[in-house]
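# Have a look at this prediction, sequence included:
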Amino acid sequence: MSLLANTGVLLGKELKTEFRSRELLTTTVVFIIIVLVLFSFTFDPLSDEARRFGSGLLWLAFLFAASLMLQPCFLREQANDTLSALRLSVSDPFAIFLAKLAANTLFLMITELLLLPVFAVMYSVPVLGVLHWLTLVFFLGSLGVSTAGTALSSISAQARMRELLLPLLLLPMLTPILIASTEVTAALLDRSPYVLWKGIGFLVAFDIVFLTALWLFGEYLLEE
Amino acid sequence: MWKRAIFAAIVVSLMGAAAYASFFIAPTERTMGTLQRIFYFHAAAAWAGMTAFSISFLANLLYVWRRQPRWDSLGVSSAEVGLAFITTVLITGPIWAKPAWGIYWTWDARLTSTFVLWLLYISYLLLRTLIEEPDRRALLSALFGIFSFLDVPLVFGSIRWWRTQHPAPVIMGDGSSGLDPTMKATFFFSVLAMHVLMAFLIIERNRLEKLRFEVDVIRHELEVA
Amino acid sequence: MTPRVASPAGIRFENVEKRYAGLYALRRVSLEVAPGECVVLAGRNGSGKTTLLRIAARLVRPSGGNVSYSGESGGEKASDRVRPGFVAHATMVYDELTAEENLLLFARLQGVERPEERVAALLAEVSLTERSKSLVRTFSRGMRQRVAIARALLTAPSAMLLDEPATGLDSQGISWLAGTLRGMRDAGCTLLMSLHGESEISALATRGIRLDAGTVVGDTNAGADMSAVLAGAGE
């Protein structure tokens, strides 16, 4: 079975499992809303600065949420040792990672797009005109977060204090995503929006580097 | 035994010579005066720290490839030594900055990415304490180390780009730009001394790690018997 | 019931070693399991049975030596390799999926032809057809074990590795398991299973091997007595 075919089958499983319970999606969405509301208490959300700060806070909220959402990724494969079953069944172990990171990217994007209107209303920023660009940024940023997050989640699942460990490992590593995504988003939400191509370039670079690293080293992450 | 003592003596002399050179041989800098001399220590320590992290990266790669405990040993030793050097950089920086420019910290590209690098290697060491089984610990921390090292250029690049979007007062002009020849010589001598110190510390820390490993092996064998 | 296995695979362990930081789980174990043999692996907890089986399943990388299957061309490609079935103490199936969904997932991953048919046939064989659309979470231990075995049988493997498969089963479950394993043995599948003590299942074995502290201390092929191997006389 080819890598892509395996990935497709596994992605189907990930999606089916999540959409059946929807626990990850709902908790993530609620968490981000809470964070956005709390953030809004720390400064005047309707001021001019809010547009600048708003993007940063939005992405910060996404990163925090992601570092929580990614924890069950490999933990749930430990319950019945289904990870071993997967390792025995797939021809290329990278399929396991690819499926998980694709699913995680999708979940993150869903939460981000669901929260965009909430954010737009709370901070009074215009999003409709640049919706397609925002979707692109969300995609590239979420892809980076998921790739690094899935890799690190497989590491933290094998350590103690894993709930605290994943954010600790993940957040510093995601600095480039936070910076680039914030800048591009802020530029798009500006009074006169424009696309920061260099920022998008950074996101693409991050995604490529981490996908390649995961492809090269993924099977070692799964070793017993 | 003697080799170590001689090596230690060399390290001490080199560091002493570098310190002497920094204080007495290098000319006094025009604007900052004597305070600037901390640069020889600070910047040289930064270079040594980066070298140590590069060694750690290579050791991590070698461990994943060969799976020999010696590479894990070298990886953690050089990471710890690198962290020590970078910590001194992060501490001496503000000490220098406050009297020189009035503020302790600025979020410029070099400082900020150094801080993120520091955080990543703290996480690396923390991860190691949270995995008990030695082979797992070696493999997983090596992989995390590899990811961290690959992340560093991205971190630096993105922060520097961010800074061009929001220019802040450019404070610490790169100290080695447009340096007087004596200053340059002093600087490179300091770099050499720091690297020799780094090598000494890594070797000693590595010995300690090997001893710990042997003690663990013996303890396990006793438990089984 | 179970079709004749096309080409039963033999298993060869050559100087297999597994070290965990100074502690040897396995010390230079060399064994040959002939194609079609039904071998029971006995030993106390910690003797290395699980490690040996997981190395045979290629889930664990040995520190030294290697394991190979007869019928393999020796190439590095995954498709050249014999893929043994593996049943462990953990069920290795997803609680939040139904029995059918679980089996379909693993069937598709392994490229089983006409997966829906194969899954239906296996569910019938393990008598789970009525519950095939129920979530595995709702199953009893015995039923989960049946799903686990069905999963291992999806590709009709030429060798099966079982790590204490009877754990948690009641006497009815054990009888069922013994019957299923007998069927596989008679169909020519090579079986290597670890067990505790004598039972209906150990009675199926044509050979017994005992491990202690990572080494082979008894082998019925070498003249040891099966009961002694299973019970560990003198330990």
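In hand now; what should we look at?
# what residue is smack in the middle of chain B?
Centre of chain B computed as the mean C-alpha position; nearest residue by C-alpha atoms, centre = their mean is B:Gly49, 1.8 Å away.
# How is that one assigned, secondary-structure-wise?
helix (DSSP: H, G, I helix; E, B strand; the rest coil).
# show me the contacts for the nearest residue to it once chain neighbours are set aside.
Spatially, and ignoring its direct neighbours in sequence, B:Gly49 is nearest to B:Phe85 (3.4 Å; C-beta to C-beta, 6 or more residues apart in numbering or on different chains). Backbone N, C-alpha and C define where each C-beta goes, glycine included. By C-beta atoms under 8 Å, 6 or more residues apart in numbering or on different chains, B:Phe85 lies in contact with B:45-46, B:48-49, B:52, B:194, B:198.
# Can you name the helix or strand that B:Phe85 falls in?
helix B:69-101 (DSSP states H and E).
# Let's test this: mean pLDDT of that helix, rounded?
Averaging pLDDT along helix B:69-101 yields 90.
# Next secondary structure element downstream of that helix?
Helix B:69-101 is succeeded, C-terminally, by helix B:109-129 (DSSP H and E).
# Any idea how far that following helix is from the middle of the chain?
11 Å (C-alpha atoms, centre = their mean, to the nearest Å).
# Which strand residues bridge the nearest residue to C:Lys49 once chain neighbours are set aside?
If you skip the residues right next to it in sequence, C:Lys49 has C:Ser194 as its closest partner in space, 3.9 Å away by C-beta to C-beta, 6+ apart. Counting by DSSP bridges, C:Ser194 is bridged to C:Leu41, C:Asp163.
# For C:Ser194, give me its contacts.
Contacts of C:Ser194 (C-beta under 8 Å, 6+ apart): C:40-43, C:49-50, C:52-53, C:162-164.
# now the angle from the helix holding B:Phe85 to helix B:109-129?
140 degrees (axes from the mean of the first three to the mean of the last three C-alpha atoms, to 10 degrees).
# Now helix B:69-101: buried residues?
B:69, B:71-86, B:88-90, B:92-93, B:96-97, B:100 (16 or more other C-beta atoms under 10 Å in any protein chain shown).
# show me what contacts C:Ala178?
C:199-201, C:203-204.
# One more: C:Ser199?
With C-beta under 8 Å, 6+ apart, C:Ser199 has these contacts: C:166, C:174, C:178.
# Could you check how many residues crowd around residue 147?
By default, I'm working from chain A. A total of 28 residues lie near A:Thr147 under the criterion other C-beta atoms under 10 Å in any protein chain shown.
# that answer is for a different chain, and I need it for chain B
23.
# so what's it closest to, chain neighbours aside?
Nearest non-adjacent residue to B:Phe147 (C-beta to C-beta, 6+ apart): A:Ala213, at 6.0 Å.
# Repeat that for A:Leu178.
In space, A:Leu178 is closest to A:Trp59, 5.6 Å off (C-beta to C-beta, 6+ apart).
# did I read that right, the one you found in a helix?
Yes: counting by three-state DSSP, A:Trp59 is located in a helix.
# What residues does it make contact with?
Neighbours of A:Trp59 in contact, by C-beta under 8 Å, 6+ apart: A:141, A:177-178, A:181-182, A:185.
# Tabulate the contacts of C:Ala178 (TSV), appending distance to B:Met1, secondary structure and pLDDT.
Shown next, in TSV, are these (distance: C-beta to C-beta, whole Å; DSSP: H, G, I helix; E, B strand; the rest coil; pLDDT from 0 to 100):
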residue	distance to B:Met1	secondary structure	pLDDT
C:Ser199	61	coil	81
C:Glu200	66	coil	85
C:Ile201	61	coil	87
C:Ala203	65	helix	87
C:Leu204	64	helix	88
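# Closest one of these to chain A?
C:Ile201 (21.5 Å; C-beta to the nearest C-beta).
# circling back: now go through the contacts of C:Ser199 and say which are in helices.
C:174, C:178 (DSSP state H).
# quick one: the nearest residue to A:Leu11 once chain neighbours are set aside and C:Gln110, what's the gap?
If the residues on either side of it in the chain are set aside, A:Leu11 comes closest to A:Ala99, at 4.4 Å by C-beta to C-beta, 6+ apart. Computed as C-beta to C-beta, to the nearest Å, the A:Ala99 to C:Gln110 distance reads 15 Å.
# same deal with C:Gly10?
Taking C-beta to C-beta, one finds C:Gly10 at 22 Å from C:Gln110.
# And for B:Arg207?
49 Å.
# For the residue positioned nearest the centre of chain C, which three-state class applies?
Centroid check for chain C by C-alpha atoms, centre = their mean gives C:Leu161 as the closest residue, at 1.8 Å. Here C:Leu161 is recorded as strand under three-state DSSP.
# who touches it in this structure?
C:53, C:56-57, C:84-87, C:192-193.
# Which of those fall within helices?
Using DSSP H, the contacts of C:Leu161 in helices are C:53, C:56.
# quick one: which of the contacts of C:Leu161 has the most company?
Busiest of the contacts of C:Leu161 [other C-beta under 10 Å] is C:Leu192, holding 26 neighbours.
# How is chain C divided into domains?
Following automatic domain parsing, chain C resolves into domains at C:24-84+C:157-235, C:93-156.
# Can I get these in TSV including distance to A:Leu196?
Compiled in TSV, those are given as follows (distance: least, C-beta to C-beta, whole Å):
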stretch	distance to A:Leu196
domain C:24-84+C:157-235	44
domain C:93-156	41
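# Stretch A:159-168: how far from the chain's middle?
With C-alpha atoms, centre = their mean, you get 17 Å for stretch A:159-168.
# My error: substitute stretch A:215-224 in the last question.
21 Å.
# Appreciated, that's everything.
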